[in-house]
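Novice: Dropping a prediction and its sequence here:
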Amino acid sequence: MTVSLGNDHAGFSLRADVICLLGDLGIPFIDNGTKTGDPVDFPDIVALVCRDVLAGRAERGILLCGTGVGASMAADKHRGIRASVIHDCYSAHQGVEHDDMNVMSIGAQIVGPWHARDIIASFLGARFDGGPDFVRRLAKMAKLEEGLPG
């Protein structure tokens, strides 16, 4: 599995810890994050991560911003991306298992580095269940996307 990682200036404080975790797990990643705490526009970073996932260069995306909210909202504007703000381990794995979540956003001002490590490990270790109820619901979500521009 390859991960596309993106962070804005507000997520910069968590960046080094996440990179270390990915290294500890032996997970290759594409680095789309800002390398400083200087202000950047998170939608630009989010777009790079989403493009990697949609193009198949990465199976999952991880976004780090202040609260995770803005990055998640921007990610969900991309057809085929199923993103959510995640601040707990259960939602991290359940979002993948039931909803085939492919991008996760974490708020660096909400979650500390040790908790973020556990959340990310749960997200990356999870696999989509593939049961008929979950597949049916995904198809309905895809239908909703058909009405979106672009």
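Specialist: Here it is on my side, so go on.
Novice: Which pLDDT value belongs to the residue of the chain most remote from its centre?
Specialist: Each residue of the chain has a distance to the centre, and by CA atoms, centre = their mean the biggest one is for residue 132: 24.5 Å. With respect to pLDDT, residue 132 scores 96.
Novice: Can you give me the buried ones in stretch 127-146?
Specialist: In terms of neighbour count (16 or more other CB atoms under 10 Å), stretch 127-146 has its buried residues at residue 138. Just so you know, the C-beta spots here come from the backbone N, C-alpha and C atoms, and that holds for glycine as well.
Novice: show me the contacts for residue 127.
Specialist: Shown in contact with residue 127 (CB atoms under 8 Å, 6 or more residues apart in numbering): 96-97.
Novice: Is residue 38 in contact with residue 10, as I believe?
Specialist: No: in this structure, residue 38 is not within contact of residue 10 by CB atoms under 8 Å, at 11.3 Å.
Novice: who's more crowded, those two?
Specialist: Higher neighbour count among residue 38 and residue 10: residue 10, with 22 against 9, using other CB atoms under 10 Å.
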